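[1] Sequence plus the predicted model coming up.
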Amino acid sequence: MSKEPATIRITNQFRSRNGFVYDFTCDGARLTLSISPRESASDQGDWCIEARTSHAPESICVSRWGATRLEALREVGRAWDTEAKERGLPLFAWPTVETALTNVRAL
């Protein structure tokens, strides 16, 4: 019997000082995404997404910019997957994260 695909779900969402934060769980692993718009002309894109393993300041963080929220999410997902093994990050199905964020109109 094959194992069911892991379900990722949003467990919490709230407004932060400069954007929105979404907490996810998937098979016991936690993912927190912070989505924020450009704040200065020196920012690398119009939207930034930070992905981290928790809200703790010492948590591992992967951050990427994009022209759109969707582009920033896809960039952060690629970077997360690239760094996962080296940094001991849990793996997530980023297309499922994208669907969950689309469903709550975050993208």
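    Perfect, thanks for sending it.

[2] any chance you could map the strands in this protein?
    8-15, 20-26, 29-37, 47-52, 61-66 (DSSP state E).

[3] For Gly88, give me phi and psi.
    phi 70, psi 30 (degrees, to the nearest 10).

[4] Share the number of residues neighbouring the nearest residue to it once chain neighbours are set aside, please.
    Nearest residue to Gly88, sequence neighbours excluded (Cβ to Cβ, 6 or more residues apart in numbering): Ile60, at 7.8 Å. For every residue, glycine as well, the C-beta is placed using N, CA and C. By other Cβ atoms under 10 Å, the residues close to Ile60 number 16.

[5] and Ile60, how far is that from Leu89?
    When distance is defined by Cβ to Cβ, to the nearest Å, Ile60 is 6 Å away from Leu89.

[6] quick one on the thing from earlier: could you report the pLDDT at the residue nearest to Gly88?
    Looking at Ile60, its pLDDT is 86.

[7] That one: what's it in contact with?
    Residues in contact with Ile60, defined by Cβ atoms under 8 Å, 6 or more residues apart in numbering, are Arg52, Thr53, Arg87, Gly88, Leu89.

[8] are any of those residues buried, and which?
    For the contacts of Ile60, a neighbour count by 16 or more other Cβ atoms under 10 Å gives the buried set as Arg52, Thr53, Leu89.

[9] for the residue nearest to Gly88, phi and psi?
    Torsion angles, degrees, to the nearest 10, at Ile60: phi -70, psi 130.

[10] so how far is Glu39 from it?
    23 Å.

[11] again with Arg64
    Per Cβ to Cβ, Arg64 is found 16 Å from Glu39.

[12] Repeat that for Thr68.
    From Thr68 to Glu39 the distance is 17 Å (Cβ to Cβ).

[13] Could you do Glu58 as well?
    24 Å.

[14] One more: Leu73?
    Taking Cβ to Cβ, one finds Leu73 at 19 Å from Glu39.

[15] Fine, thanks again, bye for now.
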